[in-house]
Every structure is written in C-alpha cells, then in structure tokens.
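Visitor: Quick one: sequence plus predicted model below, questions after.
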Amino acid sequence: MPRSAVSRSAASRGSDSPGPAPRPGFRPDIEGLRAVALLAVLAFHASVPGLAGGFVGVDVFLVISGYLITGLLVREAVTTGRIRLGEFFSRRARRLLPSAAVVLGAVALIGAWLTVPLRRADLEHDVLAAAFSVANWRFVSQQTDYLAAGRDESPLLHFWSLAVEEQFYLFWGPLLALACYLVLRVVRKGRTDRRGRSVRPVAALLAAALTVGSFALSLHWTHDSVSLAYLGTPSRVWQFGVGALLALLPWHLLRGPRPLRLLVGWGGALAVVGCVLAYDTGTPYPGVAALVPTLGTAAVILAGTPDRAGATAPLGVDRVLGTRAPRALGRLSYNLYLWHWPVLVLAGAKLGTLDWPVKVALTAAAALPAAAVMRWVERPLRRSRTVSELPRRGLSLGLAAVVLPVVLALVVGTGTLRLLGPAAPVDLQGLPPGSPDGTSLLVRTAGPVKGGPIVPGAVQARQDFPPDGECEVAPATTTSPACLFGETGSPDRIVLLGDSHAGQWFSPMLAIAAERHWALQELVKQGCPLPEITVANPQLGRTYRECDTWRADSLARIQQGPKPRLIAVSTLNRYTDDRELLLQGWEKTLAPLRALGVPIVYLQDTPVPGTDVPACVSGHTDDPAACEFERGRALWADPLAEEIAAGRVPGVQSVSVNPVVCPGSGRSCPAVLERILLYRDDAHLTNVAAVVLTPRLDRLLTESGAVPAVGTAPGGAPATGRPGADGWTRLLRDDFDGAAGSRPSAATWQYDLGTCYPGCPAPQWGTGEVETMTDSTDNVRLDGRGALEIVPTRAADGRWSSGRIESRRADFTPPPGGVLRIEASIALPDVTGPAAAGYWPAFWTLGADLRNGYTGWPAIGELDVMEQVNGRDAVFGTMHCGTLDGGPCQEPKGLGSGERPCPDCRSGFHRFAVEVDLTPGAEQVRWYLDGTEYHRVTAARTDRAAWDRAVNRGLFLILNVAVGGNLPAAFGGTPGPATEPGHPMRVDWVDVSARGAAHP
C-alpha cells in the first residue's frame, strides 16, 4: 500500500484527556467548555459525517489543563510560599488513576474474551504502557514503524493523551516548585501580593520559553514525522503553555469595552467549531493548523475571566457554557472519554465494521459505565477524608491503581503467550518442498499438508521478515547500503529493486542467484513506489520526498555499476488508481533500465488481504478458512502487467505467483494454504511462504528466459557458469532435444509475431518481406531428432507464414579484452531454382538497444552470421552499424563478405560462426564456415562510436526464414506461384561462448 500505517487520523481517535477540574478558582464555563470539546471528539470517533475535525477537542483539553493546573500551583505558591509536590501528585493520583485503573482492568479482561489471541497479546502490552503513562511512546513507535503497520487499532489508543499530560506535569510541577523556591528565597517576607508579583513573572517567563520552543518543535515534527508530532509530549507542551500563560498573566487588569470581550469569546468558540467542521484527517497536524483551536480555546477562557469587579459580559459565551446541561456533561467528560473508545473498538473487533449510527449508539451507551465509575469510584475517593488527609495515602492509592491493571495484564498476557506457542524463528531447513509447477503450493508427494501445525505460527509470522538486515531502508532514508549478498565476488548479479513488496522476494532471489553462482544486490525502500509518481508517506505524514531521492539514486547506481544479469522489479500495486499516471511513472523508471540491455522482469504484486492475517489465524487455528479474504479487494488490476502481456512494454517480462497463492476463480483468497501461513501482516508474504515459492519463481524466471537453467544444457554441456579447461565460458547452448512437433525452449527463445515489431516502426520487418511470422508449430517446431525446424508455409489464399525466434537474453558481449563466439549448426532449406524464389533463411544478431522501443537501426548494430537467398549455393556474412545513409558501415548495404560458396549447405549441417574479438591490437569481427574464416571487419574500418555501440552494448540472436524482400529481389528472386512452401531450415544446435579475463 500503497497500504496506510496508523496516521494522525487514527492516532487522534482517542485524543483527549479531560481530567476533572480542580475546585479552587472554579469556573462553570470551563466545565461546560470541556463538554464541547468532548462532544467534538466523540463525534469524530463515531465518524459522524461533517465532523471530521473533531480531533481538535484534544487541543481544547490541553489548554484547559494548562490553565487550571498552573493556576492552582501558582496560587498555592503565592498564598503559602511553597508548592507541596507530594500533595499535588497525591491529588492527581486519587482523581485520575482509579477511574483509569477500572477501564484498564476491564479492557484487560473483556479484551481477552472479545479479541483473538495475537491481538490479545498486543492489547496486554498496551495495558502495561497505559498503566505506566507511556502509552503515547508505545503508539509513536508503532505508527512510525512501517513494518508494524496494518494492525488493528488499540482500544487504549486514547490513553496517549493521558500519558502526555502526566509526563508534562511530572516535569512542569517540579520545575515550577523549584522556580518558586528560588524566587521566594529572595522574597522571604512580605505580603501575598508581593510574592505574587515576584513568582508570576518568573513562572510566565518559563511558560513562554517552553511554549515557543515546543511550538517550533511541533512545526518541525509535523513536517517530518506526523505521528511523533501528534503523539509526542514535547510537541504538545506549547498547548499546556498557552493555558499556563492565561493563568499567569494579569489578563483581568486589561481594560476594554464589554462588547470586545463578547466578540473575543464568541470568536474563539466559532474558531473551535469551525475547525471541527473544516478540518479532516488530511489536515497537517498539529503544526500551524493547531493554532486556531488552541487560540480559540484561549479566547473563550480569556473572555470568561472576570474583570476587577468580578463581572463578565452578560451575553458572553461563558454564560451559555456555564448552564446546567454543558456542566453536567463536562463533569462526566473524563470518565466518558475513558470508556467510549474501548467500547467502540472492542465492539468492532467482535461485530466487524460499524456504521456511524451504530457508533453513535455505542458511544451513548458508554455513558452508563462512565457514570457508574464516576458515582461509585471517582467521587468517593476524591472526597474521602481518610484518603486526602495525608499525601502518602493518595499516592498509595495511585500506586495501587497502577499495580492492579499491570497484574491483570501480566496474568492474561502470560496465558495468551502459552496459547500462541513458540515465538522462535522457523527452521527453514525443515520446510516442506515447494512445487515448481502445477496448481499446488507444495510438492504433492511431500505430504505435510494435513494434520500438522500451521507454519509459521501466528506469533512467528509477525516477525517472519526477509533476512536482509538493514537493506529494506526506512522512510526517512534516502540511499540504500551496498546490500550485496551471495557470491559477492562474482561478476554476475541480480538486482532486486522496489519497495517492501519487492523485499519480500529477497530469500527466493538470493537462492536463485546462489544456484547460479551469482550475487544478489537488494535496493528496496519501504513504502516507496518504483514508478515515478508522487505519494504521501503515512509515517512521515507528508509528501514522500525521500522516495524520489532514493529512486533516482538507485537507478543511477544500477546504471553506473557493473551490468547486472537480471533486474527484478516489484512494488505495491495500489499507490494510485490513475492508470495513465501509473504507466507514465513506470515508463520514467523503466527507460534507464532498458537502456542497459539486460533482462528486466516485473514480479507482479501478490494479493493484499487488507486485514491483520496472523491475528485472525491465531483465533482460528483449527479453521483457517475463516480468515480468507475477498479476491476482488485483494487483487487489483495491474496496468503494467497488462501492457507487458499486450507487447507494449519492450524489454520487460512479467511473472506472477498469484495463480498459486490465490488459486481458482472463487470469491476469496486463502490466508493459509496447505498449512503454510502466507502473510505476516495485512499485505506482505511471510518469509516462509516466499521460501516455499522459490522453486516456482525459479521456474517462471527460467521459462521467461530471464535466467538460464541450472545445471547442464541439453547434450550435457554446461549451459552457463565458469570457464572450462579451454578458457571458454558457455553462455548459451541449445541442442533442440524434445518431442516431435513441440516448441523450442521458452526459457531460451521468444517468438517474433506478425510483420513487424510492436508499434510497427518498420513494416514488413523493414526489408519488404511478405510473410507473417507466427508461433504455430506449423512454422516453428522440434523434429524429435534433435533439430529445430523453421518452415515457411503458404495458405490457400496465397498468404505466406513463417517463423522467427529470438534469444531471450540480449546481453551477449565480449568480456573486456576478450572474445565472444556465436555459432550454430544449420542445414539450409533443401530447395533450389524457381521453387526457392524468395526463400531467405538467416542466423543473425541485433543490438540489445533495439528492445528499448524497436528503433535505432542500424546504429544498434547487426551481425549477419549467415544469410542465403533463393536457394543459391552460397551464403553471406555482414556487419551493419552507424547511420542509415552511407556512414562507417556503408548502409544500407553494410560491410559484407559477398557470396561465399557452399554447394552442400542444403544437404547437410554446417557450422556458421561469428567472433567478436576485443583483444588489444585485434578489435575485429570474424566470420567462419566450418571453422574456416572467410570474412573480417576491423574497428579501423568504422568510427569508434559506431564500433562500440555495434559490438559492445549487448546482442541477441535471431533464427528465421523470411519470404521475399529486398535481398532476394536484388538477386532476382521474388516469391511466386512456382515457389514451393514447406522446405525447412533445420538447426542442430546453437552455442554462445566467451573467453577472456572476465565474462558477461
């Protein structure tokens, strides 16, 4: 996804801390203001349409808290000459912690009943974090961790704001106490007003410094990490500070007409309500946007501050807020806040997705336990003379309120972990073998499918990542490490490129590379689309600029480094549903890769369940089918794969394991297949599933020609790998063994179809041929005796068809200072005279750059190893390069050998070869017939640029029999009624080898 981690939107679904107001300096309008803030938050959590900005209620509560608590502390310092921290924390403990403990205990117990085991284990960790007032940092770590995304929301997510408040006062209370102590040591005696004039300015300076610094940090974090900005304590201090400044500065002394005070109050209220209506989850927050509700709240509080005479505006907003109904809800706000979010989340866990009217009803129902706890827990303990008599009793009560949920969480969590089973990594050596073909995930004879445990277990799956260390780089990172694995000294390597959906293929690609004695280079970045499109990152909460930088850097590294043998690309297929935008982005990324002339394979995206699969499976180990997910939702349309299949993306092939991991055509895809748990979260395969799929992926890549088959080629010769005793390294060998009438190896060859390359840049293949090329076995087939036949045929209407195949590999080049040899054993069509008029068999090469769009001839280079026309007893060898008209290769004729006599080439097999020799001092191309050189072109006959591009940029092979065209016509032969169809060119074998200090 792309797939969204829990963002500021989700973080705010529990984002207020409406603790009870202290009685000293009691203001009924503030009690009513708390009700307004709570209603906004409740409406937001209930997804009420039009109230998407209700999360600003948290800002209101923080300002109120800063105003009331700071005012209380400073009044104590002014009136008594000190701040009793023990009494302060005792008061907070007995007011806040017992109610919170009841909710935490209820969630620990009820959650064990309503949630599946793996989710239950997460929940008990949340209980511990909430009890110790560090919930915000637990949720920060989860929401900034891309790999932890996709899990269900916590019913204790709202405890983050309680944690922020407690952390702030653990710092602010002692800081104020210390400042007051130092100031009052100077002002030892004097009246209360003198102490006030001394303490308040110092406290105001401290509050102002913290406010400015925290706001600056909030702006920075909102720009760089939205979860840290929203949930982090340092970025919220400034809102407490605004409230503190309201309490510390002498606002009551300000002179001004009552209408102005009236406008300030109602303007502030409208600002808060306007934010509720105008903001949504896409608003960058807190940052600058948080100024509006924060200052709006300050305006409401300021407007309700009595003047010197103790009066306020008669029609002020404070009069409305101070009425009975808002005050009643304000008194309930803390407990209702504590209860409503767990009710919504746990009901959703049991019942599934809830519509907003149902959420509203559940939120209203949460008022019942909230009122009960306020009536029988909070008020009795707050008003108990026994508890409040000594600070240590209140602190002891608070400690007990922390210990109770912690004990419950540990008991429930321990039982859950036992139920879940071991968390140790899976022993990959003990996995059942994966099937390379067919419809089964596992080899049918392996027999581990029935009766055994699910592998990996649910708790194991959560941590079943690819073993690639730090190579799947995090959102904030802009470059990948070296990340070279396997045989790192090998000149051959596979590049795995993309986002985490590419990274899930690390283990299979490493195994595929290792079997061929190649290296694997991994360039993978979390949440970063490989097509060049602009996206927002949910962990950073803004435009993903780091992705664009990383993508450009990775492409440059591939272009500037050693040429890879294969580039495997993959990415989440749902960063955008704009098909044209996506395809344009892909073209920008693929163009520089195609320019390298190496195989590129697109690994299609696997199904995206969209739900926490391990959590579901943990609750349905005996019936994993209950965790199946909707096929249509999991498998999106894949524009790139469709374009590749239609032949409109040259130089790129596509492979997919989806027919295996989501088999059949039903409405759902499995979460567990043949006892293998497929997904580690809501979107990625487990490493176990990827390892089991390795044989399948190997076969798909081999059949596509992206990688050579492992072992030996037909006939027993090494197909690829290390130099032999004679110093030659075989790069390709095909002896065309197979059943009569079957096709040549799809792993080695691909068909050219029609009368031109895709897009028809050169109709009739650019040479005036009359045939249509097909993939029919009437035209291209094995003869069953170890030879390939390419047969021209003619239909009843006189239309000709024939065959033309190309090597899938397009990277054949001489090693530096070495030699590349391309050779085939061929018997030409056994037809001559008028019956052969228009026959044009050929074995030749073209430059790899042609596959980047099938244009650029002759600059891309062409080596005609063998051509024959009209059944003549002679063959040609030619080099093409440079420009169309004249140029270094005298186009369009080329630097040819002229006809080379070969009187028995129609009656038997002969060896035709070309060698590209880059040995210092040689630099030439040589043509051979049965081992005898008959033509040579040296670099000196061309210019350097044309030479290098023609012979040193990668070549692919072509075997075909054309009918008609410019060359047969130049020798007096055009296809006519006398031309006989059905005479094949027969190929016994094809071989490509290289010799030198290194090999491609």
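Guide: Right, received. Where do you want to start? Please read all numbers here as calculations on a predicted model, not as lab measurements.

Visitor: need the helices for the stretch 301-450 of the chain, in chain order.
Guide: Ranges of helices within the stretch 301-450 of the chain are 317-321, 324-351, 356-365, 367-373, 379-383, 385-388, 391-420, based on DSSP state H, counting those that start in this stretch.

Visitor: how big is the angle separating the second one from helix 356-365?
Guide: With axes from the mean of the first three to the mean of the last three C-alpha atoms, to 10 degrees defining the directions, helix 324-351 sits at 120 degrees from helix 356-365.

Visitor: Helix 324-351 packs against which elements?
Guide: helix 28-45, helix 85-114, helix 356-365, helix 367-373 (3 or more C-beta pairs under 8 Å, 6 or more residues apart in numbering; DSSP states H and E). The way it works is simple: take the backbone N, C-alpha and C, and place the C-beta from them, glycine included.

Visitor: Worst mean pLDDT among the helices of the stretch 301-450 of the chain?
Guide: Mean pLDDT across the helices of the stretch 301-450 of the chain is lowest at helix 385-388; the value there is a mean of 81.

Visitor: For the helices and strands packed on helix 324-351, which has the smallest mean pLDDT value?
Guide: Within the helices and strands packed on helix 324-351, confidence is poorest for helix 85-114, with a mean of 91 (mean pLDDT).

Visitor: now the helix or strand just after it, how far from the chain's geometric center?
Guide: Proceeding N to C from helix 85-114, the next assigned helix or strand is helix 117-131, under DSSP states H and E. Its chain's C-alpha centre and that of helix 117-131 lie 27 Å apart, by C-alpha atoms, centre = their mean, to the nearest Å.

Visitor: got the angle for helix 117-131 vs helix 391-420?
Guide: Relative orientation of helix 117-131 and helix 391-420, computed by the same axes, to 10 degrees: 170 degrees.

Visitor: if we can go back for a sec, deepest of the helices and strands packed on helix 324-351, which one?
Guide: Counting by mean count of other C-beta atoms under 10 Å, helix 28-45 has the highest mean neighbour count of the helices and strands packed on helix 324-351, with a mean of 25.

Visitor: Using CSV, list the CA coordinates for it.
Guide: Written as CSV, here are the backbone C-alpha positions of helix 28-45 (Å, rounded to 0.1, in the frame of the first residue of the first chain):
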residue,chain,number,x,y,z
PRO,A,28,-18.5,26.8,35.5
ASP,A,29,-17.9,28.0,31.9
ILE,A,30,-14.7,25.9,31.7
GLU,A,31,-16.6,22.9,32.9
GLY,A,32,-19.1,23.5,30.0
LEU,A,33,-16.2,24.1,27.6
ARG,A,34,-14.9,20.6,28.4
ALA,A,35,-18.3,19.3,27.3
VAL,A,36,-18.0,21.0,23.9
ALA,A,37,-14.5,19.5,23.5
LEU,A,38,-15.7,16.1,24.4
LEU,A,39,-18.7,16.2,22.1
ALA,A,40,-16.3,17.1,19.2
VAL,A,41,-14.0,14.1,20.0
LEU,A,42,-16.9,11.7,20.4
ALA,A,43,-18.4,12.8,17.1
PHE,A,44,-15.1,12.3,15.4
HIS,A,45,-14.6,8.8,16.9
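
Visitor: helix or strand right after that helix?
Guide: The first helix or strand that comes after helix 28-45 along the chain, using DSSP H and E, is helix 57-80.

Visitor: out of the helices of the stretch 301-450 of the chain, nearest to Y679?
Guide: Of all the helices of the stretch 301-450 of the chain, it is helix 391-420 that lies closest to Y679, at 16.7 Å by C-beta to C-beta.

Visitor: which one's the longest helix in this protein?
Guide: helix 192-224 (DSSP state H).
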